[in-house]
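Chemist: I'd like to go over a predicted model; first the sequence, then the structure.
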Amino acid sequence: MAEEKVKDEAMQIIGMFQILPRLVVFDLDYTLWPFYCEYRSKREMPSLYPQAKGIMSALKEKGIEMAIASRSPTSDIANTFIDKLNIKSSFVAKEIYSSWSHKTEHFQKIHTRTGVPFTAMLFFDDEDRNIKSVSKMGVTSILVGDGVTLGAFRQGLTEFSQNHNAIEKNKQVWRNKYSGKAASSETGKD
């Protein structure tokens, strides 16, 4: 699918949702591109998964910020590839370093840098352990099989919207339970 066609379809998907993330975070290896950086040379010309660029273009057009969270042990190669692909300016934060933290440290730094709450983030990664640990932080996290696709993108926005609605519903329950109105009605019963 040509990049422009993917972008148009991604824009249609975005248009289906009233609640959107403020920040979309991508892993690199086997999420944005189909390889591990550490097995490649800086001299090579990398490529993204077929639908990745169109999805990123749609996010950019809609004003949704993007970031990278990668545990690549070769950040120099990753950054070289990001430059070669002309996507460096797309990201407000790039956390690319080897870590045993399953990306929780990456997300702490992204949050500090951007000020975006974890519950306002959507994350795509190909490793289940990263999805599980980052989800516990409140980030809507989507496991991808063959890179970020329109299907994964739709799933991500759907789950983000559902999570947002659940949070808002819980807030309302707590407000009702602990508001002054509820407290005064209880004291009136005495």
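Modeler: It's in.

Chemist: from here on, contacts and neighbour counts on C-alpha atoms
Modeler: Will do.

Chemist: from the middle of its chain, how far away would the regular element (helix or strand) spanning Asn165 be?
Modeler: Counting by DSSP states H and E, the element that carries Asn165 is helix 150-178. Taking the mean C-alpha point of helix 150-178 and that of its whole chain, the gap between them comes to 15 Å (CA atoms, centre = their mean, to the nearest Å).

Chemist: Now do the same contact list for the residue nearest the centre of the chain.
Modeler: Using CA atoms, centre = their mean, the residue of the chain that lies closest to the mean C-alpha position is Phe123, 2.5 Å off. Under the criterion of CA atoms under 8 Å, 6 or more residues apart in numbering, the contact partners of Phe123 comprise 24-27, 139-142, 156.

Chemist: can you list the weak-confidence ranges in this protein?
Modeler: Applying pLDDT under 70 to the chain flags residues 1, 180-190.

Chemist: picking up where we left off before, the residue nearest to the centre of the chain belongs to a strand?
Modeler: Yes. With the criterion set as DSSP: H, G, I helix; E, B strand; the rest coil, the secondary structure at Phe123 is a strand.

Chemist: Okay, helices next: where are they in this structure?
Modeler: Using DSSP state H, the helices found in the chain span residues 3-15, 52-61, 75-84, 104-114, 128-135, 150-178, 180-188.

Chemist: List the buried residues for the longest one?
Modeler: Think helix 150-178. Buried residues in helix 150-178, counted by 16 or more other CA atoms under 10 Å: 150, 152-161, 163-164.

Chemist: burial of Phe107, as a residue count?
Modeler: Other residues within reach of Phe107 by the criterion other CA atoms under 10 Å amount to 22.

Chemist: Setting aside sequence neighbours, what's the nearest residue to it?
Modeler: Distances taken as CA to CA, 6 or more residues apart in numbering put Ala69 closest to Phe107, at 7.2 Å, once the chain neighbours are dropped.

Chemist: ok, now which ones touch the one you found?
Modeler: The contact partners of Ala69, by CA under 8 Å, 6+ apart, come to 25-28, 94-96, 103, 106-107.

Chemist: The same query, at a cut-off of 6 Å, please.
Modeler: By CA atoms under 6 Å, 6 or more residues apart in numbering, Ala69 lies in contact with 27, 95-96, 106.

Chemist: Quick check: beta-bridge partners of it?
Modeler: Here Ala69 shows beta-bridge partners Glu95, assigned using DSSP bridges.

Chemist: Quick check: it vs Gly151, distance?
Modeler: Here the distance between Ala69 and Gly151 works out to 21 Å (CA to CA, to the nearest Å).

Chemist: What of Ser98?
Modeler: Taking CA to CA as the criterion, Ser98 is separated from Gly151 by 29 Å.

Chemist: ditto for Gly115
Modeler: When Gly115 is compared with Gly151 (using CA to CA), they lie 28 Å apart.

Chemist: ok, the residue nearest to Phe107 to Asp27 distance?
Modeler: With CA to CA as the criterion, Ala69 and Asp27 are 5 Å apart.
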